[in-house]
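K.L.:
From the sequence below, what's the structure:
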Amino acid sequence: MLHPRIVFLILATTLPQIVLAADDDQVISPFPGSRLVGQSVDTEVVDYQIITGPVERVATEFLPESSVYVRGVKSVRTFEILNERRTRVVGDYFKEQIVPRGEILFECEGRSCGSSNYWANSLFKRAILYGPEQFQHYFLAKLETDRFHYVIIYVAQRATGKLYSHIETIAVPAVRIVVDAEFVKSALQQQGKYIVEGEVDDALLEAIVTAVDSSDFHQLALVAHDKLQKGETIDSAIERTRGVAEGLKSRLLETGMVSSMISTHGAGPIAPLNSEMTARIELVVVSD
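P.N.:
Numbering: from 1, shown residues only. Presented below is the predicted three-dimensional model:
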């Protein structure tokens, strides 16, 4: 039984298996004249980290300033662009597809994106995407059709002048769960926890902030958890997950939560849930 003063907000999603339809690969069309050089399709629903901020140096390594986790099925395509050498022209082509059909959640261009080596090798695992940092363009977008698609596009030019585009689509069910502040507050007070399933949207952020404001909690902590990534140490995983917690805190502060009452922490892989390392963020009530 949970202690009544401890509350967990677990960002997790339990989804049915999704069959990736053939047209999921066509959510975003490649640049005209492109040649497919790499492709993969996942067959299971898993958690994916998506980057929502530029890459920055932290101590001796590069890490994203912010990121979130979504659950779905991912399709990946990498193209060589044969008849264009300007990353901005290619980026504009993709933007024209996105804007009428959804929203761009994050975009960076050139050196503002940070380390090209991180994007190419650490994140996308595609060495052919590595090149001068001034010739890169990244989009994260959300499109909605019969289901949600998170679309990740990275355009990069190598030192040789060759231009590539890398397109990832993550298909998730178009599920809407309506939750109000009273429901959140009741769950927190009666059960000692509130479990969030699906995307944390603005309405849910407002419900959480309102529920906390109308309760007697004085100090809370956001603790992010995730398994080790390839080549990652426990210390770097702790630092990376702390950044994830910071990202959620920023969204809560923008919604009206008081900064002094909430701290952020990263646990990396050191606190598995039910013997499994589930990517999640826990909101812990330290004192009431």
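
K.L.:
Which element, helix or strand, includes the closest residue to residue 183 other than its chain neighbours?
P.N.:
Leaving aside its sequence neighbours, residue 183 sits nearest to residue 207 (Cβ to Cβ, 6 or more residues apart in numbering; 7.5 Å). No exception for glycine: its C-beta is placed from N, CA and C like everyone else's. Take DSSP states H and E as the rule and residue 207 turns out to sit in helix 202-213.

K.L.:
For the chain, just list every one of the strands.
P.N.:
Using DSSP state E, the strands found in the chain span residues 9-12, 34-41, 46-51, 55-58, 61-64, 67-81, 102-109, 136-144, 147-157, 163-173, 194-197, 219-225, 262-268, 280-287.

K.L.:
sorry, back to before: can you pull the buried residues of the helix holding residue 207?
P.N.:
Using 16 or more other Cβ atoms under 10 Å as the burial criterion, the residues of helix 202-213 that qualify are 204, 205, 206, 207, 208, 209, 210, 211, 212.

K.L.:
The second one contacts residue 251, doesn't it?
P.N.:
Yes - at 5.8 Å, residue 205 and residue 251 qualify as touching, with contact defined as Cβ atoms under 8 Å.

K.L.:
so how far is stretch 125-132 off the chain centroid?
P.N.:
Averaging C-alpha positions (Cα atoms, centre = their mean, to the nearest Å) puts stretch 125-132 21 Å from its chain's average.

K.L.:
Give me the contact list for it.
P.N.:
For stretch 125-132, contacts defined as Cβ atoms under 8 Å, 6 or more residues apart in numbering pick out 37-38, 78, 80, 116-117, 119-121, 154, 156-159, 162, 164, 166.

K.L.:
Pull out the buried positions in it.
P.N.:
126, 128, 129, 130, 131.

K.L.:
Ok, stretch 47-64 next?
P.N.:
47, 48, 49, 50, 51, 53, 54, 55, 61, 62, 63, 64.

K.L.:
what would these look like in a markdown table with pLDDT?
P.N.:
Output for these, formatted as a markdown table (pLDDT from 0 to 100):
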| residue | pLDDT |
| --- | --- |
| 47 | 78 |
| 48 | 83 |
| 49 | 83 |
| 50 | 87 |
| 51 | 87 |
| 53 | 83 |
| 54 | 84 |
| 55 | 84 |
| 61 | 78 |
| 62 | 79 |
| 63 | 82 |
| 64 | 83 |
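
K.L.:
Figure out how far the biggest helix by length in the chain is from the centre of its chain.
P.N.:
Ranked by residue count, the top helix of the chain under DSSP state H comes out as helix 234-255. In terms of Cα atoms, centre = their mean, the gap separating the centre of helix 234-255 from the centre of its chain is 11 Å.

K.L.:
packing partners for it?
P.N.:
Using 3 or more Cβ pairs under 8 Å, 6 or more residues apart in numbering; DSSP states H and E, the elements in contact with helix 234-255 are strand 61-64, strand 67-81, helix 202-213, strand 219-225, strand 262-268, strand 280-287.

K.L.:
buried set for that helix?
P.N.:
For helix 234-255, the neighbour count (16+ other Cβ under 10 Å) marks 236-249, 251-252 as buried.

K.L.:
which residues sit against that helix?
P.N.:
In contact with helix 234-255 (Cβ under 8 Å, 6+ apart) are residues 11, 52-53, 58-59, 61, 63-69, 200, 202, 205-206, 208-209, 222-229, 232, 259, 262, 264-270, 281.
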